Structures are given as C-alpha cells and as structure tokens.
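Engineer: One predicted model, sequence on top.
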Amino acid sequence: MSLSFKQRWIRLTHWEYWSMWTIYVPLIPYYIYQSIRSGGIGFFARTNPCMPSGGMGLFDKEEMYNLLPTNCYPTTNYFNPGTEIGTIETWLHENSIGFPLITKPANGCRGRGVEIVHSFKDLQNILVNCQEKMVIQSMIPFKYEVGIFYVKNPKEKDGRITGIVEKKGIQIIGNGINTIGELVLQSERYAPHFHSLKKNNSLNLDEILPIGKLEVLSSIGNHSRGATFYDISHLNSPKLEKVIDGISKKIEHFYFGRFDIKYESWEKLENGESFSIVELNGANSEPTHIYDPKHSYIFALKEISKHWKMMGEISRENKIICQKLPWNKALQLLKDI
C-alpha cells in the first residue's frame, strides 16, 4: 500500500479527519429546529452580545484580545502589509521579546497561517509576504495546552465547564534506529505533515533519537496541524470552574465559547496560576473534546447537538438586549465557516 493511498484510507475511515461539512450535514435538521425555536438561523448572534455576530465567523483577534482581562494572554501586537521591519524590531526590543515567537493571521481559524518564528530572517520573510493583518506574540512558556468549553445561561448566577480537551502537538519517541523523519513517515497520524515539518529549519529530521526519548516537533495545538486531541473532561473540578467562571464574568455579555489555554501544571491552573490564554472563541466554538480518537461519530453528533441546544437557550434569554442576525448574513457566515 503506497503512503498516499494509505493516508487517503486513514482519512476516509477515521471520522475526525472528515471535512467540516461532512461532519455537520446530518445535524442540519436539528439546527433548523433550534433556529425555529430561537427566531431564525442567525440566532447564534445573540449568544455573545460582546462579539460581532456572537463570535461566529472570522472574528478579528485584536477585538478578541481586547475583550480579555489584562495580563492573561501573551504580549501581543499587530501588523499589516507594508509594515516596516524596523517598527516590529523596535516593539520587540521595547517589550524584551526574543525568539521564538508566534505569528498568525488576525482573521485566521483552524490553525491557518500559525507560525513559530525562530529567527529574525524568518520574521522578515513573513513581513515581505504579508498580505493580510497579522498577529505577533511572545511565545507562551508553558508546556501543556487545553481547550475549555464554557457555558453560562444569562439567567443563572454562575457558568459551567461542559468539556475539556487536552492538545498534544506532533511528538515522536525515539527507537535508536530510525531517524526522526522516518518515524514521522511511519506514523499514520503524522505522515501527512511530513512536508510541512521538512520546511522547518530548526528541526533535524535526520537525527536518530535514543530509545524512549520524546521529541516535540510541533507545539501548535491545532487538529489540522497534526495535534492529537484527548478528552479529559473528567478532570473538571469546582476549583477550575471557579477560575474559568471568574475570567468569563470579567467579559461583559460573554456566555458561550471555548478558552484555549496553555499552563504550567494542572494544580496551578486550578488555582488560577501560571497560565495564559491562547485564544477565546465564541459561537463558532466546537466542543473539541469530541475529536479524541476514542470517541465515535455518534458521540460527536450528540455533543454538538447538546451545545447547540444550550446556545439556543442563551439566545432566547438575550433576545431583549441583542437582535438576531438577518438570515442572508447568517447564511453567509455559516458558509464562510
């Protein structure tokens, strides 16, 4: 079996690799049902009045970070096409930011365009080829990453966590025989990302790792970039819910979405210490714990439906303070997603 055919077979037989439309098509009747109950297909716009269209669609990351409490996300700036390299260099110096650092599109999603920049030369290349507004950030020093889904009905005092996903980037364990590149190609999950890893000059794919040594080749916690998702919702606790609820309540009229967070240790995260928010997603959030390889497609459909039901309940509660989106604009947003 050739590698290319093997990759196609894996993606065909493992639902977590299916296209978004393929996954969601069976749920269209249920979405229509929620739309009828909640006043139209744009009901999601009332989910988070603090966000444009409730956070559905490509939500500008500058607006998103401006919603978050100060000091809970990385040092961040933005640049547009034509920005002088000297301007960025000055900002890096003033904020004592070194390499590596992160760049990503201000209107990106699903890991599109996220880059770990290891040198000034690489940053110059990104600036030269920049064709859209970009985000530039200091590298978060914490090793672990989770996505925490939060829901709060406006009529209730406190919100709750409805799912937690652990995200692990591309990781290879040495066997003392094969090179890193060979181990990547032997992996059903990582092989499709071999060519993108090959472009990373900071990696030595010809290196042979000792037996048992773990090498992290990519720390980008996105499914489309090779990360593996694990459902760790069982680790939820009253302490953690209090931390996330406390952050959420500082964002006026935020009720539904997912915090992507990097943290040092679970104990410190539960105590509200040593963590940083990578991103906050609104109505377009998926309960990404569904992508754990152990979960079935039926499980995923049930979880998505459950969250759509909660989104509808929130929307109906917010109908007094926020208008639903016109059906044509709502349909365009859903198509864009």
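Structural biologist: Yep, that arrived.
Engineer: can you give me the strands for the stretch 1-150 of the chain?
Structural biologist: Here the stretch 1-150 of the chain has its strands, by DSSP state E, counting those that start in this stretch, at 76-79, 101-105, 115-117, 134-138, 144-151.
Engineer: Comparing the ones you listed, which yields the minimum mean pLDDT?
Structural biologist: Looking at these, the lowest mean pLDDT belongs to strand 115-117 (a mean of 86).
Engineer: quick one: that strand to chain centroid distance?
Structural biologist: 16 Å (C-alpha atoms, centre = their mean, to the nearest Å).
Engineer: Over to stretch 174-188?
Structural biologist: Per C-alpha atoms, centre = their mean, the displacement of stretch 174-188 from the mean C-alpha position of its chain is 27 Å.
Engineer: Go through that stretch and flag the buried ones.
Structural biologist: Buried residues in stretch 174-188, counted by 16 or more other C-beta atoms under 10 Å: 174, 179, 180, 181, 182, 183, 184, 187. C-betas here are computed from N, CA, C, even on glycine.
Engineer: show me where pLDDT drops low in the stretch 201-337 of the chain?
Structural biologist: The model of the stretch 201-337 of the chain has pLDDT under 70 over residues 221, 323-324, 327, 333, 335-337.
Engineer: which residue ranges form the strands in it?
Structural biologist: Taking DSSP E, counting those that start in this stretch, the strands of the stretch 201-337 of the chain run over residues 214-218, 228-231, 256-263, 275-281.
Engineer: Single out the most deeply packed of those.
Structural biologist: Highest mean neighbour count among the strands of the stretch 201-337 of the chain (mean count of other C-beta atoms under 10 Å): strand 256-263, with a mean of 24.
Engineer: Name the residues that touch the helix ranked longest in the chain?
Structural biologist: Determined from DSSP state H, the single longest helix within the chain is helix 297-317. Contacts to helix 297-317, defined as C-beta atoms under 8 Å, 6 or more residues apart in numbering, come from residues 15, 23-24, 26-27, 30-31, 34, 37-39, 43-47, 149, 151-155, 162-163, 255-256, 283, 286-287, 289-291, 324.
Engineer: wait, what's in contact with residue 190?
Structural biologist: For residue 190, the contact set (C-beta under 8 Å, 6+ apart) comprises 170, 172, 184, 217, 226.
Engineer: which one of the strands of the stretch 201-337 of the chain lies closest to residue 99?
Structural biologist: Of all the strands of the stretch 201-337 of the chain, it is strand 214-218 that lies closest to residue 99, at 16.4 Å by C-beta to C-beta.
Engineer: helices or strands next to the closest one in the packing?
Structural biologist: On a contact count with 3 or more C-beta pairs under 8 Å, 6 or more residues apart in numbering; DSSP states H and E, strand 214-218 meets strand 170-173, helix 180-186.
Engineer: Among the ones you listed, which comes closest to residue 92?
Structural biologist: Nearest to residue 92 among the helices and strands packed on strand 214-218 is strand 170-173; the distance by C-beta to C-beta comes to 27.1 Å.
Engineer: who does that closest one pair up with?
Structural biologist: strand 214-218 (antiparallel) (DSSP bridges).
Engineer: Same list, the strands of the stretch 1-150 of the chain, but as a markdown table with distance to residue 19 and mean neighbour count please.
Structural biologist: A markdown table is the format used below for the strands of the stretch 1-150 of the chain (distance: least, C-beta to C-beta, whole Å; neighbours: other C-beta atoms under 10 Å):
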| stretch | distance to residue 19 | mean neighbour count |
| --- | --- | --- |
| strand 76-79 | 31 | 17 |
| strand 101-105 | 21 | 19 |
| strand 115-117 | 24 | 18 |
| strand 134-138 | 26 | 22 |
| strand 144-151 | 20 | 23 |
